[in-house]
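S.K.: mind looking at a prediction? Sequence and model below.
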Amino acid sequence: MRAEPIRDPRLRTVAVLGLAFTFSALHGAAALGGMVSLTLALIFLSATPAARLLRALRLPGLVVAGIVAILPFTSGDIILADLGPVTLRAEGLGAATGIALRFLCIFALITVFLGGLPLPHLINALRGLRLPALLVDMALLTLRHIEDFRHDLTRMQTAMRLRGGQQRWFGQLRQTGWILASLLLRSHARSERVYHAMILRGHGAPGAALPEMPLVAGSDKIALGVLIALAAGLLAMEHLI
Amino acid sequence: MHIPDGILPLGLTLGGWVAAGGLTAISLNRIAAQPDPRAALPRASMMTAAFFAASLIHIPIPPTSVHLMLSGLMGAMLGWYAIPAILIGLAFQAVMFGHGGLTTLGVNGVILGLPALAAFGLMRSMGHFAHPVMRALVSFATGAGAVLLAVALFTTVLLAGLPAHLDAVTERAAIMALAIAHLPLALAEGMIVAAVLTFLRRTSPEMIIAR
C-alpha cells in the first residue's frame, strides 16, 4: 500500500523543489550520505516500486552518464591508478560520484513526489501557488493537445511510410518539414476550436469560478515542516562537517 | 540540450530560475500589451505540445538519427509566447520523462528560450523579403542559428558549472566535440524549419507571428 509522505499537491511541489535545491548544494561525503539516506527513507515511506524508478531512469541518464564516465579520467592532479592510456584521478572521481548521487536522489524525489500525481492536479497546484493565469491555461491546453499531437504524428508517419518512395537525405528532411507543417496546420485548427468552445462555456470570463483549493491538512503541514528541518540539517552538515 | 539535475552548483541553478523568471515576466508584459493577449493562446499551447513531442520526430543524420529542438520555430511562430511555451514544455518533459531537471528548469529555459527570442528578432527584422529564396534562407538561418546558439549556451553553462576543474586542452576538446556533434543537427533543423515556414506562408501565413 502506498503511503504518501505529503498528500496535498501544492505542498508536494514546495517539498520537491526545496529538497531538490538543497540536494544540489551538497558536496561533502557526510552530507551526501545524509542525502542518500533521506532519499531511501522517502522511497520506502512512499512504497515506490524499484522497477518504476529504474524504468523512469532509462531515458534521462545520458548526459550524466557521459560526464560521470569522462570526469574521473580528465580532471584533477592526484593520480589514483595508471590504467595504460588513461589515468584515474581523485578529484574527477569525487566530482563524478557527487554528480551521480545528486542526480539519482533528485530524480528519485521527482518520481516519489510528482511521479504518481496526475498532471492536471499538478497544474491546479501551481495555480494554487499563484502561477500567472496565462501560464496555467497554456499548460492545461498543452496537456489536452499532447496526446492528439502524438497520435496524429504517428499516423502521418505511418501513412508516409506506406506510400513508399525512399528519399535521399535532403528529401527526407524536406518531407519531415512538410509532415510537421501539415501537423501544425491541422492541430492549429483543432486548438482554435477547443479554445473557443472553452470560452463559450465561460472559461476565463470575469467572475467565473475557479476550481476550489481544499484546505491543507495538518499532517501535511507537519510532514513539510519535518522535511524542511531535515533539509536544513543537511545544509548544516555540509558546512559544519 | 537539457542539463539534468545534480551537475550544476546551487548558485547557477538559482540564477537560472531568476533569469527564467525575469524572461517570463518580460514576455508576459509584452503579451499583456497586445490588443488581445489571449488570441495566440491556442497556437502557443499547440506549439508547446509540438515542442514536447519533438523528441518523437527523428531526423536521419547518417549513421544515426537525432530529434528536433524546435526553439527557432517556436520563436518565429510564437514571438514572446515562446518563453512561457518552452518553460511549460520543459517542465512537462522533466516531470513525465525525467528529461532535463527541476533545479535546472530555469537554466534550460534560458538555453532554449534566448535562441527562440533571437529567432523571433531575426524573422521580424529580415523575414519580410519578397524573394522566396531569400525568405527561405532567413528561415534556414532561424532554425540553424537557434540550434547553434543553444549549443553555445549549453556548452558555456555546462563547463562553467562542472564541479571539477578541466584542463584547457580537455575543455577545448569538449567544446569542439559538442560543436561538431551538433553541426549536422543545426543544418538539418535549418532545412526543416525552412520547409515548415515556407509551407505555412503559402497555406496559413497568420500562424507565423513574426512574418
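M.R.: Structure's in. What do you need?

S.K.: in which helix or strand does residue A:36 reside?
M.R.: helix A:29-46 (DSSP states H and E).

S.K.: and that helix, what does it pack against?
M.R.: Contacts defined by 3 or more Cβ pairs under 8 Å, 6 or more residues apart in numbering or on different chains; DSSP states H and E place helix A:29-46 against helix A:90-114, helix A:218-240. All C-beta atoms are positioned from the backbone trio N, CA, C, and that covers glycine.

S.K.: okay, which residue is most central for the chain?
M.R.: I went with chain A, as the question did not name one. Closest residue to the average C-alpha location of chain A: residue A:110 at 6.0 Å, with Cα atoms, centre = their mean.

S.K.: please go with chain B instead
M.R.: residue B:71 (2.6 Å).

S.K.: in contact with that one, which residues?
M.R.: Applying Cβ atoms under 8 Å, 6 or more residues apart in numbering or on different chains to residue B:71 gives the contacts B:51, B:82, B:86, B:112, B:113, B:115, B:116, B:119, B:146, B:147, B:150.

S.K.: tell me the buried residues in the helix holding residue A:36?
M.R.: A:31, A:32, A:34, A:35, A:36, A:38, A:39, A:42, A:43, A:46 (16 or more other Cβ atoms under 10 Å in any protein chain shown).

S.K.: follow-up on the earlier one: quick check: the residue nearest to the centre of chain A touching residue B:100?
M.R.: No - using Cβ atoms under 8 Å, residue A:110 is not in contact with residue B:100, being 10.6 Å away.

S.K.: please report phi then psi for residue 129.
M.R.: All of this refers to chain A. Main-chain dihedrals, residue A:129, degrees, to the nearest 10: phi -90, psi 20.

S.K.: hmm, I had chain B in mind actually
M.R.: Residue B:129 adopts backbone torsions of phi -60, psi 140, taken as degrees, to the nearest 10.

S.K.: just give the nearest non-adjacent residue to it, would you?
M.R.: Using Cβ to Cβ, 6 or more residues apart in numbering or on different chains and skipping the chain neighbours, the partner closest in space to residue B:129 is residue B:135 (5.0 Å).

S.K.: can I assume the one you found sits in a helix?
M.R.: Yes - according to DSSP: H, G, I helix; E, B strand; the rest coil, residue B:135 belongs to a helix.

S.K.: can you tell me which residues contact it?
M.R.: Applying Cβ under 8 Å, 6+ apart to residue B:135 gives the contacts B:127, B:129, B:197, B:198, B:201.

S.K.: could those residues be laid out in TSV, adding secondary structure?
M.R.: Output for these, formatted as TSV (three-state DSSP):
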residue	secondary structure
B:127	coil
B:129	coil
B:197	helix
B:198	helix
B:201	helix
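
S.K.: state the helix or strand in which residue A:205 lies.
M.R.: When secondary structure is defined by DSSP H and E, residue A:205 falls outside every helix and strand.

S.K.: wait, does stretch A:145-153 contact chain B?
M.R.: Yes - contact of stretch A:145-153 with chain B (Cβ under 8 Å from any Cβ of the partner chain) involves A:145, A:146, A:148, A:149, A:150, A:153.

S.K.: mind listing what's buried along that stretch?
M.R.: Neighbour-count burial for stretch A:145-153, counted by 16+ other Cβ under 10 Å, picks out A:145, A:146, A:148, A:149, A:152, A:153.

S.K.: looking at chain B, what residue ends up closest to chain A?
M.R.: Using Cβ to the nearest Cβ, residue B:195 is the residue of chain B that sits closest to chain A, at 2.5 Å.

S.K.: what is in contact with residue A:110 and residue B:100 at once?
M.R.: Applying Cβ under 8 Å, 6+ apart, one finds that residue A:110 and residue B:100 are jointly contacted by residue B:94.

S.K.: return the alpha-carbon coordinates of stretch A:12-29 using PDB.
M.R.: Taking C-alpha atoms only, stretch A:12-29 is exported to PDB below (Å, rounded to 0.1, in the frame of the first residue of the first chain):
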ATOM      1  CA  ARG A  12       4.400  18.300  -2.600                       C
ATOM      2  CA  THR A  13       5.600  20.800  -5.200                       C
ATOM      3  CA  VAL A  14       7.100  23.000  -2.500                       C
ATOM      4  CA  ALA A  15       8.700  20.000  -0.800                       C
ATOM      5  CA  VAL A  16      10.200  18.600  -4.000                       C
ATOM      6  CA  LEU A  17      11.600  22.000  -5.000                       C
ATOM      7  CA  GLY A  18      13.000  22.700  -1.600                       C
ATOM      8  CA  LEU A  19      14.700  19.300  -1.300                       C
ATOM      9  CA  ALA A  20      16.000  19.300  -4.800                       C
ATOM     10  CA  PHE A  21      17.700  22.700  -4.400                       C
ATOM     11  CA  THR A  22      19.100  21.600  -1.100                       C
ATOM     12  CA  PHE A  23      20.500  18.400  -2.600                       C
ATOM     13  CA  SER A  24      22.100  20.400  -5.400                       C
ATOM     14  CA  ALA A  25      24.100  22.400  -2.700                       C
ATOM     15  CA  LEU A  26      25.600  19.200  -1.100                       C
ATOM     16  CA  HIS A  27      29.200  18.100  -1.900                       C
ATOM     17  CA  GLY A  28      30.800  16.700   1.300                       C
ATOM     18  CA  ALA A  29      30.800  13.000   1.900                       C
END
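
S.K.: in contact with residue 34, which residues?
M.R.: Picking chain A for this. By Cβ under 8 Å, 6+ apart, the residues touching residue A:34 are A:26, A:233, A:234, A:237.

S.K.: you looked at the wrong chain, it should be chain B
M.R.: The contact partners of residue B:34, by Cβ under 8 Å, 6+ apart, come to residue B:40.

S.K.: count the residues that sit near the residue lying closest to residue B:3 once chain neighbours are set aside.
M.R.: Excluding the flanking residues, the one nearest residue B:3 by Cβ to Cβ, 6+ apart is residue B:104, at 4.6 Å. Residue B:104: 28 surrounding residues under other Cβ atoms under 10 Å in any protein chain shown.

S.K.: wait, residue B:104 sits on residue B:10?
M.R.: No - counting by Cβ under 8 Å, residue B:10 is not a contact partner of residue B:104; they are 11.4 Å apart.

S.K.: buried sites along the helix or strand of chain A with the lowest mean pLDDT?
M.R.: The weakest-scoring helix or strand in chain A, judged by mean pLDDT, DSSP states H and E, is helix A:50-57 (a mean of 79). Within helix A:50-57, the residues that count as buried by 16+ other Cβ under 10 Å are A:53, A:56, A:57.

S.K.: that'll do, ta.
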